[in-house]
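Student: A structural model of the following input is requested.
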Amino acid sequence: MFKKNPFQLIVLLSLLLTSCLNYTQVTTIETDNSGEMFVHYWIKWRTQNDSIAYQKQSLFNPDSIRNDFKCAANKITNIEVYNDNADSTIHGKVNFTFTNFDSLNYAKAFRDADFSISDGKDNTKIFSQNLPGFFSKFNLQDSSFKIKYTYYLPGDIISHNAQSLSRNKLTWKVTKQNILKLKKLKAVYIPFRLKETPHIIYYLMILILLIVIYYLLRKKK
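Tutor: I've put the predicted structure just below:
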């Protein structure tokens, strides 16, 4: 079971070793539903022997990580596993690009995430991602766990259930207080007219054009 979904093993090890779960996912989606994702997870170990035991698990084995994250829709660009002796933690990092966001559901690590971008009303797009069910099994008495999702969506955000919004950047932070209620990340947006081109780009182009005209007229005088 853990080979099919390695992140269940994160939770199990965290419970057994009274450690806390830390998970960060940063995703940028383009207007054609391609994009890139960065995943970083880490757990704390108590002794050097614990660290060695973690390294033997598929969760922190580069070849196993590649197998868990790969699918036909993505291309893995970097995998990193390392110990940080300063705070006694072991880390796993994965970077990859993808050609279709929805197709990431075929990767073993995201089997229950149900990534989706669908058409909405009035030319809008609906983004969603399930929170993996294993988060609900985590030791909720330990409020030190950190789970964070960041998405850069290719459009103007109309509605969402994230904790923070900055232009087209949405951030969800899973906490002890909301872990049981926050079942799905959701957002509705109007796609940018041009790929990755916010409205401010057009304003800057107009400003530059006015400046050029001003100096040309001034030089002519």
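Student: any idea of the mean pLDDT in the longest helix anywhere in the chain?
Tutor: Of all the segments assigned as helix in the chain under DSSP state H, the longest by residue count is helix 199-220. Looking at helix 199-220 alone, the average pLDDT works out to 79.
Student: how distant is that helix from the center of its chain?
Tutor: Distance, stretch centre to chain centre, for helix 199-220: 38 Å (Cα atoms, centre = their mean, to the nearest Å).
Student: please apply the same query to stretch 59-76.
Tutor: In terms of Cα atoms, centre = their mean, the gap separating the centre of stretch 59-76 from the centre of its chain is 16 Å.
Student: this protein: helices as residue ranges?
Tutor: 6-16, 48-55, 62-69, 199-220.
Student: what packs against the third one?
Tutor: In terms of contacts (3 or more Cβ pairs under 8 Å, 6 or more residues apart in numbering; DSSP states H and E), helix 62-69 is packed against helix 6-16, strand 74-84, strand 89-98. Yep, even glycine has a C-beta here, placed from its N, CA and C like the rest.
Student: return the member of those having the minimum mean pLDDT.
Tutor: Looking at these, the lowest mean pLDDT belongs to helix 6-16 (a mean of 47).
Student: could you list the low-confidence segments of this structure?
Tutor: Using pLDDT under 70 as the threshold, the predicted model of the chain has low-confidence ranges 1-20, 47-58, 133-144, 194-199, 219-221.
Student: residue 191 bridge partners, please.
Tutor: Residues in a beta bridge with residue 191, per DSSP bridges, are residue 155.
Student: what about it, distance to residue 171?
Tutor: With the distance defined as Cβ to Cβ, to the nearest Å, residue 191 ends up 20 Å from residue 171.
Student: give me the more crowded residue out of these two.
Tutor: Taking residue 191 and residue 171 together and counting by other Cβ atoms under 10 Å, residue 191 has the greater number of neighbours (17 against 14).
Student: pretty sure that one sits against residue 127.
Tutor: No. In terms of Cβ atoms under 8 Å, residue 191 does not count as a neighbour of residue 127; the distance is 10.9 Å.
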